[in-house]
Each structure stands twice: as structure tokens, then as C-alpha cells.
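Undergrad: coords please:
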Amino acid sequence: MRWVLVFLILPINILCQQYDPQIQKHIKPDFYKLSELLTSNGGCKFLNKDSTSFTGTAYEIEYISDYYFLSNNSVQDTITCRIKIIPFKNGFRDGVSQIIDPYFYPESSLSDEFIDIKFDINDIDTTESQKQIIFIFNHFHIEHGDLSQYISFGDYAFYNLNGDKLENMDTEILGDEWSKELIASEDYKSKYLKLEISEEFSETGDQYGHYESDYELFFYSVPPYYCGKSINISNFEILEKFKTKHPHPASNED
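TA: A predicted model of the protein is given here:
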């Protein structure tokens, strides 16, 4: 009976391992392991060990058990994996990436054996920029949700550094909720804040998944995930003597 059990368990244990021939035949000697590369830009740009931009092909083996909403902690989790092969140029995805099901069986597989995804580095804005702007607000509100928080500002105004009031400006230029959180405080109400706002290709949005997002990432996407144009307040200070011909009225609240 012992030998029967070993025979049954061993094939499961060796599946989805890097040394398995079914895996190895898809990984060329000049491929780099994605997790061993350095990163910047919130994990969206990949670097060599000397911190120069990575150009080449990397791979990652992902398991369905890596995804909380897909995993059911069954034996199936340990034998469901995908090889993800991603070419890079100057640190960013470029060219045709591939998702491979190494144990593809038409009768039981949940996706195609090979899925190609094309990326063009010229389609993304990888430039980095910084700008300074003056912001004042009299009210703010923080709403706490199940997985995140939502911040809004009321009775606010924007100015340039010369004191000119800027019309038709929206608080979206302040970035996401984590960026806005830096200044959403009673300490900064009704004060002129000099903000330094950075824009770069980096991690964006809230990385809170659900079944549909996990399904899309595991079966039909390649890393890095959640990357795009990111706007953040990188620094700020209170201007005690800001001069403008159009001062923003103070709050009527006590």
C-alpha cells in the first residue's frame, strides 16, 4: 500500500515545479527569473542588478494558489499553474508576452494552451515630470469603505506660484486617495499649501482583488500588474505669506 501511495502522490508534487521538464522546455537559458530582477517605479520598471534598465526576456511561474479568490486550498491548487514569459525593453514590457499552460488538456483546461499579449513601449508614457502648484481648501471629508477610503475636498482653490488663481481645476490632479491623505488634515485647512506633484509610470489604484480580477490576472495577464500613469503629492509645505490678488475666502465654520 505504501508504494501505491507514493506513486500517486509523487506526480502531484513534481508538477508546476521549475525543474519539471514540462516547465523547462518553455524556459530558454537566456531568460531571467522575474522575481530576481530589481524594480523601481512601484514595481512597474525592471532593473538589472547594477540598477540599469533591464532589456531582455523574463519569466514567472504563477500558481492559482497565489490568488486568494481563485484558491480553494485543494490539491488542484498545487497543479494549476501558468508560465508567463515577458520581453522587456529599457525596463518596461515591450513585444509579445506569452501565457503558457504547461499541462494543457483540451477536455479540462480552463484557458488556451498559449495566449499571446502584445505590448509596445511606445504606447505608454514613461516620462517622469514634476510640477508645483498652490492649493487651499476649507473642508474635507474622508469616507472609509470596506477595502479603502475615499477623500474629497470642498470649497477649494488652486493658484500658480505667481499668485494667479487657476480656474476649472479639479482635485484629480492631486492623485489617488493615498496621495490626498497626506494633506487631508485639520492642520492644513484654510492654509495655502505649496504642493510638489510627481507624475510617472508606476503602480496605480487600489490593489484589492475580487474573483473576476484574480481570474483575469492569472489566466489572461502578465506582470507587472496595476501599472499606469501615477500622480502623487511628493512633497508639500505651508506658505505663511502667500501673496495673491484673489485670496480664497476663509471658512464660515467655527
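Undergrad: alpha carbons only for contacts and neighbour counts from here, please
TA: Fine.
Undergrad: Identify each of the strands in the chain and give its residue range.
TA: For the chain, applying DSSP state E gives strands covering 32-33, 38-40, 45-47, 56-63, 81-89, 92-93, 95-100, 114-119, 129-144, 149-159, 165-166, 193-203, 227-238.
Undergrad: Return the most buried member of those strands.
TA: Mean neighbour count (mean count of other Cα atoms under 10 Å) peaks for strand 92-93 among the strands of the chain, with a mean of 25.
Undergrad: So for that one, mean pLDDT?
TA: Averaged across strand 92-93, the pLDDT comes to 97.
Undergrad: Now render the strands of the chain as JSON lines, adding distance to F219.
TA: Formatted as JSON lines, those follow (distance: least, Cα to Cα, whole Å):
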{"stretch": "strand 32-33", "distance to F219": "19"}
{"stretch": "strand 38-40", "distance to F219": "24"}
{"stretch": "strand 45-47", "distance to F219": "22"}
{"stretch": "strand 56-63", "distance to F219": "10"}
{"stretch": "strand 81-89", "distance to F219": "8"}
{"stretch": "strand 92-93", "distance to F219": "18"}
{"stretch": "strand 95-100", "distance to F219": "8"}
{"stretch": "strand 114-119", "distance to F219": "9"}
{"stretch": "strand 129-144", "distance to F219": "32"}
{"stretch": "strand 149-159", "distance to F219": "29"}
{"stretch": "strand 165-166", "distance to F219": "46"}
{"stretch": "strand 193-203", "distance to F219": "21"}
{"stretch": "strand 227-238", "distance to F219": "18"}
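Undergrad: burial measure for K243, as a count.
TA: Neighbour count of K243, defined by other Cα atoms under 10 Å: 13.
Undergrad: Spatially nearest residue to it (excluding sequence neighbours)?
TA: Spatial nearest neighbour of K243, chain neighbours left out: G163 (5.9 Å); criterion: Cα to Cα, 6 or more residues apart in numbering.
Undergrad: who's in contact with the one you found?
TA: Counting by Cα atoms under 8 Å, 6 or more residues apart in numbering, G163 makes contact with 242-246.
Undergrad: Can you verify my assumption that Q22 contacts P102?
TA: Yes. Counting by Cα atoms under 8 Å, Q22 does reach P102; the two are 5.9 Å apart.
Undergrad: Looking at those two, which is more packed in?
TA: Set Q22 next to P102 and count neighbours by other Cα under 10 Å: P102 wins out with 21 against 15.
Undergrad: For the more buried one, which residues are in contact?
TA: Applying Cα under 8 Å, 6+ apart, we find P102 in contact with 22-23, 81-83, 113.
Undergrad: Out of these, which is nearest to N41?
TA: Among these, I83 lies closest to N41 (Cα to Cα), at 24.2 Å.
Undergrad: Quickly list what the closest one is bridged to.
TA: I61, I100 (DSSP bridges).
Undergrad: Could you do T39 as well?
TA: F46.
Undergrad: what about it, distance to D50?
TA: 11 Å (Cα to Cα, to the nearest Å).
Undergrad: Equivalent analysis for L174, please.
TA: 33 Å.
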